[in-house]
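this is a predicted model, with the sequence first.
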Amino acid sequence: LAECNYNYLVYLAFYAELEAEYGNMEEAKRALLDLGGFRDTFIRLAGERFPEVVFPADNRDFPVLEPRFSLSHYILAYELLERAGVLTEPEKALIQEYAVSGANQAFTFLDWGTHNRAVMRAVNLTLAARAFPGHPNAGIWRQAARNIMRDNRGAWSIEDTPNYFPLWLHDMILYAELTGREDELDLTKMRYYLDMLVKLFNPLGYVCDFGDDVPGINMVQTAVLEWGAARFRVPEMRYVAQAMFRKFRLDGVQEEAALRGIGRLLNAARWTDESIAPRPPKRESGEVLDDLVGKKLLFQRPDGGRFLLLNYRDVGDYGYLT
């Protein structure tokens with residue numbers, strides 16, 4: 001199953017809980033449980049194509065979830081269904097087997113440093129420990145997550161792209177929520193990156209693409225801007241988040257892109273503070289925040305008729321160790 005389907009499972013389970021719709025819960029449960037069938041199919045097809053590869057004699061040792069992009073959605077959907085009381089003990093055991101296969105796989109290639117995949121992994125490992133506290137590896141998962149987050153607290157992201165540093169922010173927020181350390185989010189860097197998103201909001205209705213990003217709406221940006229507007233009481237952040245959400249709805253998007261955004265939209269809704277009235281940001285030319293981390297210049301007219309971004313951030317030795 002693709003990552004977007006797990007986003008959808010979280011939505012499906014959440015909506016089922018909200019509306020007490022048992023039918024939707026059954027659909028979500030079936031999708032969670034069906035994962036093992038894909039494992040058998042993959043081993044058969046991969047064995048035919050790569051006969052030199054030796055797979056485990058016991059298929060249960062073969063991971064069915066990768067430990068970065070999918071695991072959190074899978075576990076969150078499980079927790080919602082478990083809370084609703086629709087899972088039997090054998091079903092819980094099977095789902096735990098699948099989730100644990102993803103969590104343990106993190107240790108075969110452990111991301112570290114100040115970038116989105118590392119913080120995603122910390123969130124996933126923490127969620128696995130919360131969902132399955134009795135598992136013998138729960139303590140190891142928590143410790144690995146703490147080690148990863150030690151790199152990221154108080155440091156700058158090494159990623160210069162609005163496709164990735166919002167993911168980094170998003171999971172920094174989730175990790176703080178999971179561990180009860182939300183006081184650590186009042187950091188200069190959190191406000192800095194959110195202000196950067198606001199300043200780079202262009203007349204076409206989305207945040208400028210640079211680095212390896214592509215033009216268009218990003219629901220992760222919407223989610224973190226809603227969080228920032230509520231946390232720092234900034235109406236301009238709410239304006240940009242709302243504007244991007246309206247464009248997301250009006251323009252229409254591919255189904256896969258919509259499904260990928262659902263999990264983040266749920267967080268956007270959860271973090272939204274309706275008491276903050278949106279206010280459009282001023283369009284001003286000049287340096288985007290600074291010439292050390294941001295390294296961007298904007299040339300624009302106040303009416304939005306002209307907009308030019310210069311990204312002069314060189315590769316250099318920034319983030320070299322990571």
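Cool, the structure landed. Since the model is a prediction, treat every value here as computed from it, not as a measurement.

residue ranges for the strands of the stretch 201-322 of the chain, please.
286-287, 296-300, 307-311 (DSSP state E, counting those that start in this stretch).

so which of those strands is the most packed in?
strand 296-300 (a mean of 17; mean count of other C-beta atoms under 10 Å). Backbone N, C-alpha and C define where each C-beta goes, glycine included.

report all helices and strands that that strand contacts.
strand 286-287, strand 307-311 (3 or more C-beta pairs under 8 Å, 6 or more residues apart in numbering; DSSP states H and E).

just for this protein, where's the confidence low?
1-24, 60-61, 250-260 (pLDDT under 70).

Asp195 - how many residues pack around it?
19 (other C-beta atoms under 10 Å).

so it touches Leu289, yeah?
Yes: counting by C-beta atoms under 8 Å, Leu289 is a contact partner of Asp195 at 6.3 Å.

so what's in contact with these two at the same time?
Here Asp195 and Leu289 share no contacting residue, scored by C-beta atoms under 8 Å, 6 or more residues apart in numbering.

who does whichever strand or helix holds Leu125 touch, helix- and strand-wise?
Using DSSP states H and E, Leu125 maps to helix 116-131. Judged by 3+ C-beta pairs under 8 Å, 6+ apart, the packing partners of helix 116-131 are helix 71-84, helix 89-105, helix 138-152, helix 165-179.

tabulate the ones you listed in JSON lines, adding columns for distance to Ile276.
Listed next are the helices and strands packed on helix 116-131 as JSON lines, based on distance: least, C-beta to C-beta, whole Å:
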{"stretch": "helix 71-84", "distance to Ile276": "27"}
{"stretch": "helix 89-105", "distance to Ile276": "37"}
{"stretch": "helix 138-152", "distance to Ile276": "27"}
{"stretch": "helix 165-179", "distance to Ile276": "17"}
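
Ala46 is nearest to which of these?
Checking these against Ala46 by C-beta to C-beta gives helix 89-105 as the closest, at 16.0 Å.

what's the angle between the closest one and helix 138-152?
40 degrees (axes from the mean of the first three to the mean of the last three C-alpha atoms, to 10 degrees).

and helix 89-105, how far from the chain's centre?
In terms of C-alpha atoms, centre = their mean, to the nearest Å, the centre of helix 89-105 is set 21 Å apart from its chain centre.

show me which residues of it are buried.
91, 94-96, 98-105 (16 or more other C-beta atoms under 10 Å).

hmm, back to that, Gly139 is nearest to which of the helices and strands packed on strand 296-300?
strand 307-311 (43.1 Å).

any idea how far Gly261 is from the closest residue in space to Ala223 that isn't next to it in sequence?
Spatial nearest neighbour of Ala223, excluding adjacent residues (C-beta to C-beta, 6 or more residues apart in numbering): Ala268 at 4.0 Å. Distance, Ala268 to Gly261, by C-beta to C-beta, to the nearest Å: 9 Å.

need the overlap of contacts for the two.
What both Ala268 and Gly261 touch, as defined by C-beta under 8 Å, 6+ apart, is the set Met219.

distance to Glu79 added to the strands of the stretch 201-322 of the chain, as CSV?
Shown next, in CSV, are those (distance: least, C-beta to C-beta, whole Å):
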stretch, distance to Glu79
strand 286-287, 44
strand 296-300, 40
strand 307-311, 40
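
can you tell me which of those strands is nearest to Met190?
strand 296-300 (18.6 Å).

quick one on the thing from earlier: list the residues that contact the residue nearest to Ala223.
Ala268 neighbours (C-beta under 8 Å, 6+ apart): 219, 222-223, 226, 241, 245.

what about 7 Å?
Contacts for Ala268 (C-beta atoms under 7 Å, 6 or more residues apart in numbering) come out as 222-223, 226, 241.

same check, this time on Arg264
Taking C-beta under 7 Å, 6+ apart as the test, what Arg264 contacts is 170, 219-220, 223.

assign Trp112 to helix, strand or coil.
coil (DSSP: H, G, I helix; E, B strand; the rest coil).

any idea how far it is from Leu194?
25 Å.

who has more neighbours out of those two?
Legend: neighbour count by other C-beta under 10 Å for Trp112 and Leu194, higher for Leu194 (25 against 17).

give the closest residue to that one in space, chain neighbours not counted.
Closest to Leu194 by C-beta to C-beta, 6+ apart is Gly228, at 3.8 Å.
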